[in-house]
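Visitor: Model the following, please.
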Amino acid sequence: MISIILPVYNRAKILTAALRGIAAQTETDFEVIIVNDGSTDNVEKVFSDYYQKLKTNNHYLFINQTNQGAPAARNRGAREAQGEYLLFCDDDATLKPEALSKMRQALKDNPQASYAYSSFYWGRKLFKGQAFDPDKLKKTPYIHTMALIRRTDFPATGWDESIKKFQDWDLWLTMLEAGKVGVFIPEVLFTVRTGGTISSWLPSFAYKLLPFLPTVKKYQQAMKIIKEKHGLL
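Guide: Numbering: from 1, shown residues only. Model prediction:
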């Protein structure tokens, strides 16, 4: 079974889209754990209204907690999970109907891999993934949070709740240090709404040619934190 863990914070207006994407999966062996990370809008009511109309045999669990940040919400969901696979789904993302089945099949076909990841759209922009490369992963983040992870290979320490940016990169580096690798699926398996966690995206040339921009400075500072933690400077 796949445990889909969905942290949500003040996304009442778009939560239903994420839930509909999950409900439309061709893979049916999954549970859904929604962790409300201290939202101040009506997230719980939106979920309740949606769930009452949903015809499903899948288990859904809704958890309320005080606001602690996405990593803490993901860890809370992981502690409740019963599946042999984990998928941490962002609240601003919508899965393609075949996403779970293709990720699960990729792990079955590649027993050496601890997680399966894909390309995705951010709005209309394609973030094209690439084959797993340990050396490149040590240099730059290129794998999104929304990868299917074998439960047995997920770090016992979970997500680092002190990390504010590049939380996914930190996780994949932590797993790499434990000898865990990923497998790339050369398809687009989900779409992320603009205006969320990667809303400050800039073209790649900006990070080289415009180092004085506040966004670029914050990006470089956040990268330094991750590299220092993993001894990559």
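Visitor: C-alpha only now, for contacts and for neighbours.
Guide: Fine.
Visitor: biggest strand in the protein, by residue count?
Guide: strand 182-192 (DSSP state E).
Visitor: Sort out which residues of that strand are buried, please.
Guide: Neighbour counts using 16 or more other C-alpha atoms under 10 Å place Gly182, Val183, Phe184, Ile185, Val188, Leu189, Phe190, Thr191, Val192 of strand 182-192 among the buried residues.
Visitor: Kindly report the same for stretch 136-154.
Guide: Residues of stretch 136-154 classed as buried by neighbour count (16+ other C-alpha under 10 Å): 138, 141-151, 153-154.
Visitor: which pair in those spans the largest distance?
Guide: Farthest apart among the buried residues of stretch 136-154 by C-alpha to C-alpha are Lys138 and Arg151. That separation is 23.0 Å.
Visitor: Which residues are in contact with Ala106?
Guide: By C-alpha atoms under 8 Å, 6 or more residues apart in numbering, Ala106 lies in contact with Ala116, Val183, Ile185.
Visitor: before we move on, the earlier item: could you dump the buried residues of strand 182-192 into a markdown table with pLDDT and distance to Ala106 added?
Guide: Formatted as a markdown table, these follow (pLDDT from 0 to 100; distance: C-alpha to C-alpha, whole Å):
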| residue | pLDDT | distance to Ala106 |
| --- | --- | --- |
| Gly182 | 98 | 10 |
| Val183 | 98 | 7 |
| Phe184 | 98 | 8 |
| Ile185 | 98 | 7 |
| Val188 | 98 | 14 |
| Leu189 | 98 | 13 |
| Phe190 | 98 | 16 |
| Thr191 | 97 | 19 |
| Val192 | 96 | 22 |
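Visitor: Now render those as TSV, adding distance to Tyr85.
Guide: Formatted as TSV, these follow (distance: C-alpha to C-alpha, whole Å):
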residue	distance to Tyr85
Gly182	14
Val183	15
Phe184	16
Ile185	17
Val188	20
Leu189	17
Phe190	18
Thr191	21
Val192	22
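Visitor: so who does the residue nearest to Asp91 when sequence neighbours are not counted touch?
Guide: Excluding the flanking residues, the one nearest Asp91 by C-alpha to C-alpha, 6 or more residues apart in numbering is Val8, at 5.5 Å. Applying C-alpha under 8 Å, 6+ apart to Val8 gives the contacts Leu15, Ile34, Val35, Asn36, Asp37, Ser39, Val43, Ala70, Asp90, Asp91.
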